[in-house]
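Undergrad: Pasting the sequence and the predicted coordinates here, then a few questions.
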Amino acid sequence: MKKIFALLFLTTAVLSAMAQSGHAPMKFSGKATIEVNGNTVATLVSDTVMYSGSDITLPEMRYNNFVIPSFTIHGAEFSMDMSTMTVTFPDQQFMEVITVDGVEKTIVGASLTGSYTHDAFNTFTLKVIFMYGAMPMPLTYNITAYYIKDYTDKLDVSIGGMFNYTAANTTYSVRTYPEGGNTLLDVQVPSYQLSGTPLGNLTIGSYIVKGLAMDEQKGGYYRDYAADGLTMHFKAEKDGATTMDADYVMSEGDNNILLTYEGKNIKVTNAFHPGAMPFQIVSTFPGVGEASAVEAVKTVEQNNAPAYNLAGQRTTDSYIGIVIKGGKKFYQR
């Protein structure tokens, strides 16, 4: 009985912590649509919403030549279901006023519905119907998004296998999501600077590798992205002069990334060639997860048995929520 009460206490505390606006906003990304008069006028493969307590921040929206700036819906009403670890936003109205180029614009929301669920992907769904300024008709914004988790630590970098450097305080952002019955990851590789290399002082830009899939032989989530057409900004400064400062397509040689989970941390090994450079750069990142609102509560000690969610599905160490190990329930963060 004590264990049951402890589990209920942890569940309540986690959802309550998540619902407090004092915590840093949680970031979610996923597919979105914009509808006008029941017709879809824009489909966005990747869009981002922010959620903090009862505040929801929507991204900038564009269709044709019309632009609606990002805005925050404050004080959205919600309820919490402890049995399913779900926050539900019932159908409600709202009104916000924002300033654009010195002019106040009123946003009148006719309907807001949605939910945030502690499932394997930490899923956030939202549907908002609203009028912006003097719009002649309402706009509908729909999104199904998944939590983006940040990991911050040093980054070890090897250039050509001969020169080794360390960049401090770099942050990898990882999104876990379902697609075609599989679990995939999107990884944002951070920008960082290296001083005193043979090419001078380097600034290596950020980019996102999408669709990492589990590779059993490699022991983690992997993607060869040489054919993805990704670009990275690369800048080199030597002896007071800029020798390189451009975007380079990473299509020459090996360009691949491997992410493995090590307990609650991750390890990312990224090997790439910027453009047609003759050397390969390999970065290795051991990461420690951010202290987000979901992780604000100390967890129950867990054993090393395989973990399953309440639906009986095997989970990874990245799963956040209630798991079953060795026939017992635990809260895993």
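TA: Cool, got the structure.
Undergrad: show me what contacts Lys27?
TA: Counting by CB atoms under 8 Å, 6 or more residues apart in numbering, Lys27 touches Thr48, Val49, Met50, Tyr147, Ile148, Ser173. Heads up, the C-betas are built off the backbone N, CA and C, glycines and all.
Undergrad: Strands - which of the residues you listed land there?
TA: Mapping these onto strands (DSSP state E) picks out Thr48, Val49, Met50, Tyr147, Ile148, Ser173.
Undergrad: which two from those end up farthest apart in space?
TA: Across the ones in strands among the contacts of Lys27, the longest distance by CB to CB is 14.8 Å; it joins Val49 and Ser173.
Undergrad: Who has more neighbours out of these two?
TA: More neighbours surround Val49 than the other of Val49 and Ser173, with 23 against 19 (other CB atoms under 10 Å).
Undergrad: Against Val128, how distant is the more buried one?
TA: 10 Å (CB to CB, to the nearest Å).
Undergrad: who touches Gln92 in this structure?
TA: Gln92 neighbours (CB under 8 Å, 6+ apart): Ala76, Glu77, Ser111, Leu112, Thr113.
Undergrad: hang on, the earlier thing: using JSON lines, lay out the contacts of Lys27 together with distance to Ala276 and pLDDT.
TA: Below are the contacts of Lys27 laid out as JSON lines (distance: CB to CB, whole Å; pLDDT from 0 to 100):
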{"residue": "Thr48", "distance to Ala276": "33", "pLDDT": "95"}
{"residue": "Val49", "distance to Ala276": "39", "pLDDT": "96"}
{"residue": "Met50", "distance to Ala276": "39", "pLDDT": "95"}
{"residue": "Tyr147", "distance to Ala276": "37", "pLDDT": "96"}
{"residue": "Ile148", "distance to Ala276": "32", "pLDDT": "96"}
{"residue": "Ser173", "distance to Ala276": "29", "pLDDT": "96"}
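Undergrad: and which of those residues is nearest to Ser158?
TA: Ser173 (22.7 Å).
Undergrad: hang on, isn't that closest one packed against Leu185?
TA: No. Counting by CB atoms under 8 Å, Ser173 stays clear of Leu185, with 10.5 Å between them.
Undergrad: Look up phi and psi at Val198.
TA: To be clear, residue 198 is Pro; Val isn't right here. With angles defined as degrees, to the nearest 10, Pro198 sits at phi -60, psi -20.
Undergrad: What about it, how many residues nearby?
TA: The number of residues packed near Pro198 is 12, by other CB under 10 Å.
Undergrad: Next, the contact list for it, please.
TA: Ile159, Phe163.
Undergrad: if you set the cut-off to 7 Å instead, what comes out?
TA: Phe163 (CB atoms under 7 Å, 6 or more residues apart in numbering).
Undergrad: Surely Tyr221 and Val209 touch.
TA: No. Counting by CB atoms under 7 Å, Tyr221 sits too far from Val209 to count as a contact (10.1 Å).
Undergrad: isn't Phe89 right up against Ile73?
TA: No. Phe89 is beyond contact range of Ile73, at 9.6 Å (criterion: CB under 7 Å).
Undergrad: which neighbours do the two share?
TA: Leu112.
Undergrad: picking that back up, what is in contact with Val49 and Val128 at once?
TA: With CB under 7 Å, 6+ apart as the test, Val49 and Val128 both reach Leu58.
Undergrad: Lys149 contacts Thr171, correct?
TA: No. At 10.5 Å, Lys149 does not count as touching Thr171 under the criterion of CB under 7 Å.
Undergrad: between the two, which one's more packed in?
TA: Shown here are Lys149 and Thr171; by other CB under 10 Å, Lys149 has more neighbours (22 against 17).
Undergrad: Relative to Val67, how far out is that one?
TA: Using CB to CB, we find Lys149 at a distance of 30 Å from Val67.
Undergrad: Repeat that for Asp150.
TA: Going from Asp150 to Val67 by CB to CB gives 28 Å.
Undergrad: now do Val209
TA: From Val209 to Val67 the distance is 29 Å (CB to CB).
Undergrad: what does Ala271 give?
TA: For Ala271 relative to Val67 (CB to CB), the value is 39 Å.
Undergrad: what do you get for Gly196?
TA: Taking CB to CB, one finds Gly196 at 44 Å from Val67.
Undergrad: and if you look at Lys238?
TA: 41 Å.
Undergrad: Spatially, which residue comes closest to the residue of the chain most remote from its centre, not counting chain neighbours?
TA: Distance to the chain centre peaks in the chain at Asp239, reaching 38.6 Å (criterion: CA atoms, centre = their mean). Spatial nearest neighbour of Asp239, chain neighbours left out: Gly200 (7.3 Å); criterion: CB to CB, 6 or more residues apart in numbering.
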